[in-house]
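Participant: coordinates only, sequence not included:
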Ligand code: SF4
Ligand code: SF4
């Protein structure tokens with residue numbers, strides 16, 4: 001194990017990260033999921049029951065309707081499709097021509113009651129962002145469970161049949177995240193551009209699957225990932241590795257700059273990692289902000305300072321990382 005001390009992230013960046021104008025509303029609809037992946041930072045699974053309430057859903061719809069500055073709503077979970085509020089939020093966003101992104105695990109479409117969802121996605125021009133942590137079967141099933149790879153390929157073929165990957169209004173992106181380390185020979189997430197080319201070649205050649213973009217995402221040491229690292233005595237070394245690869249040039253592009261992240265209870269955070277760690281967003285008044293504050297003050301930009309922690313080294317290492325992939 002390293003003997004070095006991790007530099008506090010705030011000291012590393014010489015101060016605070018500041019918020020830009022909010023254009024993305026990311027909503028975590030709940031913890032229900034048909035899978036229980038080892039790297040899951042929100043610790044979702046089939047036995048979790050927490051989900052959005054009608055009251056919180058109504059407030060979110062009011063916000064979507066009130067703020068044309070919101071360019072995207074980004075629905076996540078758990079499996080967002082399984083949690084309360086999914087279709088009402090899609091309907092609200094589409095009414096105002098706001099982009100809808102759904103972070104889908106692709107296997108949900110094989111669960112009873114969800115088989116017709118790909119057509120619903122196409123009808124509503126939902127942008128699909130789907131995790132496929134490798135283009136090889138063994139690596140995917142190791143991370144996500146046996147059979148997940150085959151179901152994912154079948155779902156991608158179904159989306160292609162509906163026009164995804166060809167029609168410019170039907171976008172499907174894939175997400176790569178590395179396997180969790182087994183020792184302290186850590187590596188940065190591979191370069192997104194050549195890896196995207198490898199994914200495209202392999203999936204086209206073997207399955208005639210097409211997709212738009214590949215996003216590479218770093219494993220951020222929170223939630224189940226951090227539990228795994230701690231259990232294997234790798235947590236400190238991994239954080240040190242991330243700090244050693246800190247890249248100042250990523251800072252202006254971090255996803256927390258222009259995003260609000262809302263949990264199923266309606267609490268507001270700067271990003272979903274802070275949400276997982278229960279580090280609330282703080283308004284200029286030094287208070288936590290609520291959905292009611294935004295509605296009552298008719299102001300989406302109540303935060304100037306982003307709350308940071310040492311796991312922010314995960315977003316700022318190498319080419320950087322976000323829900324939309326590498327930053328630079
Ligand atoms: S599919 Fe996504 S939300 Fe569900 S357990 Fe896996 S990583 Fe977590
Ligand atoms: S974890 Fe990443 S996205 Fe969240 S506050 Fe830190 S740098 Fe920003």
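Facilitator: On my side now, so go ahead. Just so it is clear, the model here is predicted, and its values are computed rather than measured. Ligands and ions are numbered 1, 2, ... in the order given.

Participant: got a list of contacts for whichever strand or helix holds residue 138?
Facilitator: Element membership for residue 138 (DSSP states H and E) is helix 137-144. Contact with helix 137-144 is made by 35, 37-39, 105, 131-134, 147-150, 152, 177, 179-180, as judged by Cβ atoms under 8 Å, 6 or more residues apart in numbering. Where you see a C-beta, it was placed from the backbone N, CA and C, and this is true even at glycine.

Participant: I'd like to know which of those are part of helices.
Facilitator: In this view, those that belong to helices under DSSP state H are 148-150, 152.

Participant: Give me the buried entries from those residues.
Facilitator: By neighbour count, with 16 or more other Cβ atoms under 10 Å, the ones in helices among the contacts of helix 137-144 hold 148-149, 152 as buried.

Participant: Residue 178: neighbour count?
Facilitator: Neighbour count for residue 178, taken as other Cβ atoms under 10 Å: 19.

Participant: same check, this time on the one 10 residues further on
Facilitator: As a burial measure, the neighbour count of residue 188 was computed by other Cβ under 10 Å and equals 16.

Participant: I figured it hits residue 245, correct?
Facilitator: Yes - here residue 188 reaches residue 245: they are 5.9 Å apart, a contact under Cβ atoms under 8 Å.

Participant: shared neighbours, those two?
Facilitator: With Cβ under 8 Å, 6+ apart as the test, residue 188 and residue 245 both reach 317-318.

Participant: about what we covered before: quick one: which of the buried ones among the ones in helices among the contacts of helix 137-144 is nearest residue 239?
Facilitator: residue 148 (28.8 Å; Cβ to Cβ).

Participant: What separation do you get for that closest one and residue 220?
Facilitator: Distance of residue 148 to residue 220, given as Cβ to Cβ, to the nearest Å: 21 Å.

Participant: now residue 257
Facilitator: For residue 257, the distance to residue 220 (Cβ to Cβ) stands at 17 Å.

Participant: Looking at those two, which is more packed in?
Facilitator: Neighbours per residue, other Cβ under 10 Å: of residue 257 and residue 220, the larger number sits with residue 220, 24 against 20.

Participant: tell me the contacts of the nearest residue to that one once chain neighbours are set aside?
Facilitator: Spatially, and ignoring its direct neighbours in sequence, residue 220 is nearest to residue 314 (3.8 Å; Cβ to Cβ, 6 or more residues apart in numbering). Residue 314 sits next to 218-221, 242, 273, 321 when contact means Cβ under 8 Å, 6+ apart.

Participant: try residue 54
Facilitator: Neighbours of residue 54 in contact, by Cβ under 8 Å, 6+ apart: 84-85.

Participant: what's around residue 47, how many residues?
Facilitator: 9.

Participant: Need the per-residue pLDDT for it.
Facilitator: Reading off the confidence values, residue 47 has pLDDT 95.

Participant: quick one: it from ligand 1, how far?
Facilitator: 11 Å (Cβ to the nearest ligand atom, to the nearest Å).

Participant: Hmm, residue 11 and residue 243 touching each other?
Facilitator: No - contact criterion Cβ under 8 Å: residue 243 and residue 11 do not qualify, at 11.0 Å.

Participant: so which of the buried ones among the ones in helices among the contacts of helix 137-144 comes closest to residue 202?
Facilitator: Closest approach between those and residue 202, by Cβ to Cβ: residue 149, at 12.1 Å.

Participant: any idea of the pLDDT on that closest one?
Facilitator: 95.

Participant: Just put the ones in helices among the contacts of helix 137-144 in CSV and tack on distance to residue 26.
Facilitator: Shown next, in CSV, are the ones in helices among the contacts of helix 137-144 (distance: Cβ to Cβ, whole Å):
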residue, distance to residue 26
148, 24
149, 27
150, 30
152, 23
